[in-house]
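**Student:** This is a predicted model, with the sequence first.
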Amino acid sequence: MCNYQVWFHDEHSGYVVECKHCKKMQLCFGNMLIDMDRRDFNNFYEYISGVQKEKQLIIDRRKKSVVLVTPCTAISFILTINELDGLCRMIDYVDTEIKTSALMDMFDTPA
């Protein structure tokens, strides 16, 4: 049975949780729900950060113009620049929380 660590939760944008036992993560943003492990999370973070840098010059930030491809060729996500920025902020926050938690665990471990 899963026991979740909540890394991020916002009633408007979504959440990121991770099972303390099986280490699977679940990212919910808008109407997207993605299950992944830490390696996939890190890869997704790098991917969307790159897309965000590439798309910053788009003028209409409210137009659905950013396509996020997935490993499943039949499924892609389409976002506005504003939505992409929100997703990037959320994932950046989670990445910082995970790294901070790992550092804190180093101090809690008996020598």
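**Tutor:** Alright, I've got the coordinates. Residues are numbered from 1 along each chain as shown.

**Student:** Quickly find the element holding the residue most central in space within the chain.
**Tutor:** The residue lying closest to the centre of the chain (C-alpha atoms, centre = their mean) is residue 91, at 3.8 Å. Applying DSSP states H and E as the criterion places residue 91 in helix 81-108.

**Student:** May I see the buried residues of that helix?
**Tutor:** In terms of neighbour count (16 or more other C-beta atoms under 10 Å), helix 81-108 has its buried residues at 81, 83-88, 90-91, 94-95, 98. (Glycine included, C-beta is placed from N, CA and C.)

**Student:** Would you pull up how far it lies from the middle of the chain?
**Tutor:** Computed by C-alpha atoms, centre = their mean, to the nearest Å, the chain-centroid distance of helix 81-108 equals 9 Å.

**Student:** Ok, stretch 25-35 next?
**Tutor:** Counting by C-alpha atoms, centre = their mean, stretch 25-35 comes out at 8 Å from the chain centroid.

**Student:** which ones are touching the residue nearest to the centre of the chain?
**Tutor:** By C-beta atoms under 8 Å, 6 or more residues apart in numbering, the contact set of residue 91 is 16, 27, 41, 44-45, 48.

**Student:** Please repeat the previous calculation with a cut-off of 7 Å.
**Tutor:** Applying C-beta atoms under 7 Å, 6 or more residues apart in numbering to residue 91 gives the contacts 45, 48.

**Student:** For the remainder of this discussion, apply numbering that starts at 53.
**Tutor:** Done: numbering now begins at 53, and the last item shifts to residue 143.

**Student:** so where's this protein uncertain?
**Tutor:** The chain contains residues with pLDDT under 70 at 53, 161-163.

**Student:** mind listing the helices for it?
**Tutor:** 90-107, 133-160 (DSSP state H).

**Student:** Just the buried positions in the first one, please.
**Tutor:** So that's helix 90-107. Of the residues in helix 90-107, 93, 96, 100, 103-104, 107 count as buried by neighbour count, 16+ other C-beta under 10 Å.

**Student:** what angle separates the helix holding residue 143 from helix 90-107?
**Tutor:** 140 degrees (axes from the mean of the first three to the mean of the last three C-alpha atoms, to 10 degrees).
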